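**Student:** Next one to model:
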Amino acid sequence: MVINNKSIYIDKILIIIGFIFILLALIIIAVTPPASKYEISVYWACPIYFWWLIIASIILGIIVLLQNAFRSEKLTPGWFFLVFAMIILSNLIIILLPVLRGYYVTDIYDELGHLGMIQDIAVNGRIGQSNFYPIPHILTFIITSITDTNYLLTYKFIFPLFYIFYILGIFLLGREISNNSGIVFLIIAFAAPPIFTYFNYLFLPTQMCLYLLPMILFLLLKHLARTNISYSLLFFILLLVLPFLHPMGSLFIVGIFIILGISSSIFNWHQRRNEELSIARKIKWSTIASISMILFIAFFTWFSKFGDFNFYIQQITDSLSGSTGPSEINLILERQQQDNPFTIFQIARMVFLNYGQDILFALIASLACLWVLKQLFSKNESIEVGDIYFSLLFLVFSIFYAATLAANFTTTGRSIRIFCWALTAAIFLNGIVFFKFVNPFNMIFKNICIGLLVIILSFSTIFGVFNVFHSPLIRGANIQATEANIDGMQWLFINRDTNIDIASIDSLKYLSPPYLLYGYEASPYLLNELETIPDYFGYDQYDSMIETVNQDTYLAINQRDRDLIKFVPDYGNYSIANFDQIQNDPGVKRIYYNGDTEIMEVSSSANGQ
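**Tutor:** Numbering: from 1, shown residues only. Next up, the predicted model:
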């Protein structure tokens, strides 16, 4: 008992230290001047000790949770709430860092498109005709109207609200699927690291849909248990909202419901005699089928009237016939066949720096699936429906993600947008299985396993924190779009000769549609009209840009383009020297520059032709 009391005392000290670290991190943010111009890496803009304070606070929370998971005498609910709050606050600081740094917007097309859709509502008083996920835009507009603020600020707080909803849903679902607090502690510990890369903070409805999943499953189990009609009411409200939040996300959740029914059937096949597993006995195929049908009808009725529905159907059809172009795997292999291919070490380094935490989570989840499979086919071993369910969820979404890389039937590319759903299942699977595997052993073995898990989750936290934002650390550049970027591209749009094409390096490509001026629907300049500046600006073959493009052309270049090639020299097919060449090219003249965005015109008249 003395040892337990001492352990509780140590836990409280660790929690206090964690909050001190968070306070110090906030002070550092407060005294660090916000970004006044483009910064290629937010990791360089903030002192390195700021990042280690945030990482340390998350790891301290993980240590406290892991120690309490296997201890008979645990922290009181009040102290557990503080650990929970410490993890949430640490992650919120990361998620809100673009706001705290004073970033204007990002140059990701998805976010700019969503801002245009919000502008549609502000200008026209209605959602745009092509807006098939209006819920986050309506929510942003309502909050903006109530608070009387700029929607460019308000939208940055929408995703953090969904994150809070997500982490609370994980806690509630964990407590619902198990009455063992040790399993709940482990699930929260696995949920502590930021594992979704840039999907941790960008305004993306697919991720918002995923962030509702734990709460939806919690409400579903409450609805199936018939404990309180209020849970059922909330469940069906969320259910009917899903297609308007993101249609494809709602279709994923239809599949997730069906997998729950399959898991229940597998469980009942394995162990019908266990009367204690009440959740499984409440799950009936007729109920699951009815709920799935309601959601699917809502999805189909809403989404089928949009052109994107036909596009996705065509994309799947084309992929089956092999006419959709090279897959992501083929593109990677083609890159390796070019000059200067990456070495095995370089590939491994890039993969781990970009997705280290996801690899670790996936490896643990894969081992957990093998453990569940062993239990499933062992007559004398106990297993619960949750073990089967989260194993199947992880496997199905992992296989689906692998299929999207092998066959080009989605528009998600090589991003982990789909794999995020598998990772969410892994959070629950890893927590459940780790506890069940370790708990029967003696305390020495438990301590060894706890130590190993602390190391794994610590590395997951470090990887996760340092790949949330694009930076040279992961062979990229910050996707911050400054107000000067927006102003420059809007100036070009307003003042350009419509008969002259526009070309840019990719970083300005998505800033060209004037969504922030006119809205998404009214934006008269289409993204696919923008050309890409030729490799090496054409100077590897010609002396002047006019020979390369062979017509009058506007060129748009910004600070990100220059910084990216400076700090990641092998990133693109151009070099620092090309920027000097274009400045001295007689066929190119500067017509606009605001300190960041530079607009030039390739003109035959400038070259005396």
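
**Student:** From residue 238, how far off is residue 161?
**Tutor:** Distance, residue 161 to residue 238, by Cβ to Cβ, to the nearest Å: 15 Å. All C-beta atoms are positioned from the backbone trio N, CA, C, and that covers glycine.

**Student:** Those two: who's more crowded?
**Tutor:** Remark: of residue 161 and residue 238, residue 238 carries more neighbours, 16 against 13, as counted by other Cβ atoms under 10 Å.

**Student:** Please name the nearest non-neighbouring residue to that one.
**Tutor:** residue 216 (5.6 Å; Cβ to Cβ, 6 or more residues apart in numbering).

**Student:** and that neighbour, how many neighbours does it have?
**Tutor:** Using other Cβ under 10 Å, residue 216 has 22 neighbouring residues.

**Student:** what does residue 370 give?
**Tutor:** 12.

**Student:** Then the one 5 residues further on?
**Tutor:** The number of residues packed near residue 375 is 19, by other Cβ under 10 Å.

**Student:** again, but for residue 240
**Tutor:** 14.

**Student:** Toward the C-terminus, what is the element adjacent to the host helix or strand of it?
**Tutor:** Per DSSP states H and E, residue 240 falls inside helix 229-245. The element immediately downstream of helix 229-245 (helix or strand, assigned by DSSP H and E) is helix 247-270.

**Student:** Could you check the angle that next one makes with helix 229-245?
**Tutor:** Calculated by axes from the mean of the first three to the mean of the last three Cα atoms, to 10 degrees, helix 247-270 forms an angle of 130 degrees with helix 229-245.

**Student:** Give the buried residues for the helix holding residue 240.
**Tutor:** For helix 229-245, burial by neighbour count (16 or more other Cβ atoms under 10 Å) applies to 231, 232, 234, 235, 238, 239, 242, 243, 244, 245.

**Student:** One more: stretch 181-189?
**Tutor:** By neighbour count with 16+ other Cβ under 10 Å, stretch 181-189 contains the buried residues 181, 182, 183, 184, 185, 186, 187, 188, 189.

**Student:** So which residues make contact with it?
**Tutor:** For stretch 181-189, contacts defined as Cβ atoms under 8 Å, 6 or more residues apart in numbering pick out 61-62, 65-66, 68-70, 74, 83-84, 87, 170-171, 174-175, 177-178, 427-428, 430-432, 434-436, 439, 453, 457.

**Student:** Need the buried ones from the residues you listed selected in ChimeraX.
**Tutor:** Here is the ChimeraX command that selects the buried residues among these (16+ other Cβ under 10 Å):
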select :61,62,65,66,68,69,70,74,83,84,87,170,171,174,175,177,178,427,428,430,431,432,434,435,436,453,457
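
**Student:** Which ones among the contacts of stretch 181-189 lie within helices?
**Tutor:** Taking DSSP state H, the ones among those that sit in helices are 61-62, 65-66, 68-69, 83-84, 87, 170-171, 174-175, 177, 427-428, 430-432, 434-436, 453, 457.

**Student:** Could you look up the next helix or strand downstream of the helix or strand harbouring residue 184?
**Tutor:** Counting by DSSP H and E, the element that carries residue 184 is helix 181-191. Where DSSP H and E defines the elements, the next helix or strand beyond helix 181-191 is helix 205-225.

**Student:** List the buried residues for that next one?
**Tutor:** 205-224.

**Student:** Tell me the first helix or strand C-terminal of the lowest-mean-pLDDT helix or strand in the chain.
**Tutor:** In the chain, the helix or strand scored least confidently by mean pLDDT, DSSP states H and E is helix 278-282, which has a mean of 49. As assigned by DSSP H and E, the chain's next helix or strand after helix 278-282 is helix 285-303.

**Student:** and the angle from the helix or strand that that following helix is followed by to helix 285-303?
**Tutor:** Heading C-terminal from helix 285-303, the first helix or strand you meet, by DSSP H and E, is helix 307-321. Angle of helix 307-321 versus helix 285-303, following the same axes, to 10 degrees, is 110 degrees.

**Student:** what's the nearest residue to residue 471 once chain neighbours are set aside in contact with, if anything?
**Tutor:** In space, and not counting its chain neighbours, residue 471 is closest to residue 41: 3.8 Å by Cβ to Cβ, 6+ apart. By Cβ under 8 Å, 6+ apart, the contact list for residue 41 reads 469, 471, 472, 473, 477, 478, 567.

**Student:** What's the PyMOL syntax to select whichever of the residues you listed are buried?
**Tutor:** Selecting only the buried entries of these in PyMOL, with 16+ other Cβ under 10 Å as the criterion:
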select buried, resi 469+471+472+473+477+478+567
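
**Student:** and the contacts of residue 41, which of them are in helices?
**Tutor:** Using DSSP H, the contacts of residue 41 in helices are residue 567.

**Student:** unless I'm mixing things up, residue 573 is touching residue 539, no?
**Tutor:** No - under the criterion of Cβ atoms under 8 Å, residue 573 makes no contact with residue 539, lying 11.4 Å away.

**Student:** In terms of neighbours, single out the busier of these two.
**Tutor:** Counted by other Cβ under 10 Å, residue 573 and residue 539 do not tie: residue 539 has more neighbours, with 20 against 14.

**Student:** Name the helix or strand for the residue nearest to that one when sequence neighbours are not counted, please.
**Tutor:** The spatial neighbour of residue 539 that comes closest, neighbours along the chain excluded (Cβ to Cβ, 6+ apart), is residue 581 at 5.1 Å. Element membership for residue 581 (DSSP H and E) is helix 576-583.

**Student:** Which other helices and strands does that helix contact?
**Tutor:** With contacts defined as 3 or more Cβ pairs under 8 Å, 6 or more residues apart in numbering; DSSP states H and E, helix 576-583 has these neighbours: strand 553-557, helix 559-567.
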